[in-house]
Each structure stands twice: as structure tokens, then as C-alpha cells.
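Novice: just need the structure, nothing else, for what follows:
(2 chains)
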Amino acid sequence: MTIAEDLPPGETGELIACPQCDALYHAEMPAAGERAVCHRCHTVLISPRRGAYARVIAMAVAVVILMVGATFFPFLQIRVAGLTNASSVFDAALAFVDGPMVALSAAVAALIVLIPVARAVMVIYVLGPLALDRRPFPRAVDVFRWSEELRPWSMAEIFVIGVAVALVKVSDLARVEYGPAFWMFAALVLVTVFQDGFMCRWTIWKALERKTES
Amino acid sequence: MESAGAQDGVMTAREAGLIACTRCTRVWPEGQARCARCGTPLVSRDPRSLQRVWAWLAVGVICYIPANLYPMLKTRTLFQSSDDTIIEGAIELASHGAVGIALVILIASVLIPIGKFLAIGFLAVSLGSDSRMSPGARHKLYELVEFIGRWSMIDVFVVAILSSLVQLSVVANINPGPAAITFAMSVIFTMLAAQSFDPRMIWDAEKRSAL
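Specialist: Numbers count the residues shown, from 1 in each chain, chains lettered A, B, ... in the order given. Below you'll find the predicted structure:
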């Protein structure tokens, strides 16, 4: 990647501008495993990986399956003085449902379950045809844009840290047991983190542009 | 313009008479309204973005006040009942020996939100005047704010987990307090404030002062 100093008139297709600081570059594909980084603010611009489509799709499928399990199976169970109570992730989201805090319930459900799943489904929808070298599905461009806009609002990994804190708080009150969903959710967070690391947005946008035109 | 561009060896899309898409990094001729590749509306620099930053930041700060005054967690056990605010909850944890976890809560719910208010305010103010902090450093600060802001939601999730898990009739009960919702709103509004900020303006200010 080189800094754009003199411009070929009328050709903007191979130029790339850093979204964070507006620096202009001639886009050049870095070697697999290497990354193109903005000289000025060090934002990663291009980071291609070999076989990335297939891997990202596989991980997105895993996220959907794990999330369905993690949401409805018992997540944690407590035992104190002969009384037990089990809670699923779904129950946690509904914790605020009584009284005036319904909106918070909806927000929590969206942040920890709905948005992560929606993003995984959208990624499958966008990348599926690209991986098979087919024409993208209708409105794939919009779907990918929405998926990217939702990225900061997907908070499953933060929820996991919240669980750790909650466990410490409860441990002197009662005995806590982990349900199957706990481990599913932990796996899900790892997969989500890797999935985001494998996606090169620039490559995907470029492929969508090329395949939609042809 | 050319000389300024040569100073750090970088030409910006705006100096080249182009307009960049901040979503997919494609550049277009000036005047185009929407990115033809990804559909994002194009703005070279949004003069109104600072107004949005201040507006979201203001509601964020306002929501943060009741979030600290009202209880976050209402605990009822056979022997005692207590309504804890965020800070009281952390102190209670520390008194039980869980100092590390108390620190996590204090950092996520007090240090990060207040640090974010100050950082966003500073970034917005520093655009208007010559700042002693270099654009590179201010850009790092912006990235830090963007990255770390979401983590303040920890305490809301802790309350959600505890209130759904600890429901053992008379023996022990935990329910959310009114601070849970105002705190969540404060986090969401400050995230929106950070997202409204256009970091490209950090670098523009430097060019202006270099001329």
C-alpha cells in the first residue's frame, strides 16, 4: 500500500481512505497473513486471510447453534438451605420484566442474545454465496452494512465477565453449580472473538461490489 | 494545502477533492451523497457531528447521577435486607475479601464512565483550539474510549444475572433497583456520543495549525 500523492484523474476505484483519519492510499493487496495499516493513525485497513470465508461461515454457524442452546438450557443453579433455583440466559434477560424496567429487559436480551445471533445469521447470508463464488443474495450489501453497524452493540463477551462477578457475589450466599449452557456460552464468546478477527471488511466489500456488478 | 499534505507525507481524501466512505473505505468524487458500494451516506466532515456528541454526552452525564444515588441491587435474606448503590455494592464485596472483583466493579462502573465523560469532552474541546496533545495521542485516546465504553455494561449484566438467579422465596431474594436502568442508559448514551465523534477532525485541526 502506498500513499496517494498524484492521482490518476477520474479513477477512484483502487483508492482507499482511512475511515479514522481520512488519509488516502493506493490500495494494494498485502500478502496473506500480512496487514495493511494506516501510516498515520495505525488503523488496520486490509487484513486478508486464506480460506477466511469458509472459516468465518463455520464460526457463524457455530455461534447460532451454541446461542440457541446457551439461551434456553439452565445456565447457573444455586442451592441454599434445601432450596434451589436454576436460571437460563433467557431468565437473566427477563430479570427486569416486572415493573417499569421492561425496556431494560428488552435491551439486555438484544445485547446478549438477539444481536449476536442476528450478526451471525447476516454474516452467513452475505458470505455464503461469496464462498461458493456465486452472485450475492439480494440486498447483501445492506445486510453486511447493518451487521457492521451492530458490531459495537453485541455484548456477549461482556456478559461473560458479568457472570464471573455475579458468581463471586453469590458464593457466600449459596452454593452455585454451572449448567450446560454456561460452557456453551463461554465457547460462544471465544468463537465470536475469533470470527471478528478473521473478517477482512475491505475484501468483503470489494467482492460484493465485483460480484453484484457482474 | 499541498505543503501541509507533504508535512507528514499524507494526503487526505478531502484535500484530493474526494469524499471517503467511513464504512467501507471506498472514495468517491466530492458531492456524491451516498456510497454506491455499501449505501452509507457520505459526509466529508460533518459540522453538526459535534452538536450530536455534546447532546449525547449531556444526557449520558445526567443519567449517570441517579445511577449513583439510587440502589442498583436490593438484597433480602432471612436475617437482613439491604439496598446497595453501585459504590456500596463494591465496598460490600471488598469487605467480604473479594477485593479484585470490587476493583473490577469500581473500574467498570465508576472509573471508566467518568473517564469517558472527560475524554469525550476533552476531544471535542480540543478540536476548536490548539491542543498540546498530538493528534496521534488524541486519536489513541479516541480509540481507547470507543473500545472500552461497552465494558461499563458489566454491572447491568451482574444485576440481571443475580436477580434471575437468586429467587429463593423468603430465604434470599435479589431484585434490581432503579439505578440499573439509568446506569444502562448512561452507558448507551455515552457510546452514542463516542460514535458521533468524527475522528478525522482531530487530524484536520493539526493541518490548520501547521499552515
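
Novice: need the per-residue pLDDT for the closest residue to B:A184 other than its chain neighbours.
Specialist: Closest residue to B:A184 apart from its sequence neighbours, by CB to CB, 6 or more residues apart in numbering or on different chains: B:V156 at 4.7 Å. (Each C-beta comes from the backbone N, C-alpha and C, glycine too.) Note on B:V156: pLDDT of 91.

Novice: swap in A:Y125?
Specialist: 94.

Novice: ditto for A:A156
Specialist: On the pLDDT scale, A:A156 gets 88.

Novice: residues near it, how many?
Specialist: For A:A156, the neighbour count with other CB atoms under 10 Å in any protein chain shown is 23.

Novice: surely it meets A:L114?
Specialist: No: applying CB atoms under 8 Å as the test, A:A156 and A:L114 come out as separate, 10.8 Å apart.

Novice: which secondary structure element of chain A has the lowest mean pLDDT?
Specialist: Using mean pLDDT, DSSP states H and E, strand A:2-3 stands out as the lowest-scoring helix or strand of chain A, at a mean of 70.

Novice: look at the residue nearest to B:A184 and give its secondary structure.
Specialist: Following DSSP: H, G, I helix; E, B strand; the rest coil, we place B:V156 in the helix state.

Novice: show me what contacts it?
Specialist: The contact partners of B:V156, taken as CB atoms under 8 Å, 6 or more residues apart in numbering or on different chains, are A:104, A:108, A:162, B:180, B:183-184, B:187.

Novice: for A:R151, same thing?
Specialist: A:119, A:196.

Novice: okay, it: pLDDT?
Specialist: 90.

Novice: and the longest helix anywhere in chain A, what does it pack onto?
Specialist: Counting residues, the longest helix found in chain A (DSSP state H) is helix A:52-72. Judged by 3 or more CB pairs under 8 Å, 6 or more residues apart in numbering or on different chains; DSSP states H and E, the packing partners of helix A:52-72 are helix A:89-93, helix A:115-131, helix A:180-198.

Novice: can I get those helices in CSV with distance to B:V61 and mean neighbour count?
Specialist: Output for the helices and strands packed on helix A:52-72, formatted as CSV (distance: least, CB to CB, whole Å; neighbours: other CB atoms under 10 Å in any protein chain shown):
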stretch, distance to B:V61, mean neighbour count
helix A:89-93, 27, 25
helix A:115-131, 26, 20
helix A:180-198, 31, 17
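
Novice: of all those helices, which one is nearest B:G60?
Specialist: Among those, the nearest to B:G60 by CB to CB is helix A:115-131 (20.6 Å).

Novice: which other residues reach the closest one?
Specialist: Under CB under 8 Å, 6+ apart, the answer for helix A:115-131 is A:53-54, A:56-57, A:60-61, A:63-64, A:67-68, A:135-137, A:140, A:143-144, A:146-147, A:150-151, A:153-156, A:188, A:192, A:195, A:199, A:204, A:207-208, A:211.

Novice: using CSV, list the CA coordinates for that helix.
Specialist: What follows is helix A:115-131, C-alpha atoms only, in CSV (Å, rounded to 0.1, in the frame of the first residue of the first chain):
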residue,chain,number,x,y,z
ILE,A,115,-27.8,-9.0,18.3
PRO,A,116,-25.0,-11.6,18.4
VAL,A,117,-27.3,-14.2,16.7
ALA,A,118,-28.6,-11.7,14.1
ARG,A,119,-25.0,-10.7,13.2
ALA,A,120,-24.0,-14.4,12.8
VAL,A,121,-27.0,-15.0,10.5
MET,A,122,-26.3,-11.9,8.5
VAL,A,123,-22.7,-12.9,8.0
ILE,A,124,-23.8,-16.4,6.7
TYR,A,125,-26.2,-14.7,4.4
VAL,A,126,-23.6,-12.4,3.0
LEU,A,127,-20.6,-14.7,2.8
GLY,A,128,-22.3,-17.9,1.8
PRO,A,129,-22.6,-17.0,-1.9
LEU,A,130,-19.2,-15.4,-1.9
ALA,A,131,-17.6,-18.5,-0.6
